[in-house]
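> okay, sequence plus prediction incoming.
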Amino acid sequence: MKKFLTEVVAEMKKVSWCNQKELVTYTIVVGIAVAIVCALIWFCDTIFARLFHIILK
């Protein structure tokens, strides 16, 4: 277990962490992407629901 934790610490020192500006930018990009995908799913769901309603009527 000690060897594992030592190696984890060594690997974590090699990680390139982003700064605050990059973090905020990436968070905004992800938020926008999620909103676009949600809107696309909502749009497709609405269209299919209306089509099925027309077909089954």
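Good, I have the coordinates. Please read all numbers here as calculations on a predicted model, not as lab measurements.

> what segments of this protein are helices?
Per DSSP state H, the chain carries helices over the ranges 2-14, 20-56.

> I'd like to know how many residues surround V29.
10 (other CB atoms under 10 Å). Using the backbone N, CA and C atoms, a C-beta is placed for each residue, glycine as well.

> then M1?
M1: 5 surrounding residues under other CB under 10 Å.

> before we move on, what about K3?
7.

> and the most centrally placed residue in the chain, how far from L23?
With distances taken as CA atoms, centre = their mean, the residue of the chain nearest its centroid is V30 (5.7 Å). Taking CB to CB, to the nearest Å as the measure, V30 falls 11 Å from L23.

> poorly predicted segments of this structure, please.
Of all residues in the chain, none has pLDDT under 70.

> how about stretch 23-38 as PDB, C-alpha atoms only?
The C-alpha trace of stretch 23-38 is given here as PDB (Å, rounded to 0.1, in the frame of the first residue of the first chain):
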ATOM      1  CA  LEU A  23     -11.000  26.200 -15.700                       C
ATOM      2  CA  VAL A  24     -13.600  28.900 -16.000                       C
ATOM      3  CA  THR A  25     -13.400  28.800 -19.800                       C
ATOM      4  CA  TYR A  26     -13.700  25.000 -20.000                       C
ATOM      5  CA  THR A  27     -16.600  25.000 -17.600                       C
ATOM      6  CA  ILE A  28     -18.500  27.500 -19.700                       C
ATOM      7  CA  VAL A  29     -17.800  25.500 -22.900                       C
ATOM      8  CA  VAL A  30     -19.100  22.400 -21.200                       C
ATOM      9  CA  GLY A  31     -22.200  24.200 -19.900                       C
ATOM     10  CA  ILE A  32     -22.900  25.500 -23.400                       C
ATOM     11  CA  ALA A  33     -22.400  22.100 -24.900                       C
ATOM     12  CA  VAL A  34     -24.800  20.500 -22.400                       C
ATOM     13  CA  ALA A  35     -27.400  23.200 -23.100                       C
ATOM     14  CA  ILE A  36     -27.200  22.600 -26.800                       C
ATOM     15  CA  VAL A  37     -27.500  18.800 -26.400                       C
ATOM     16  CA  CYS A  38     -30.400  19.200 -24.100                       C
END
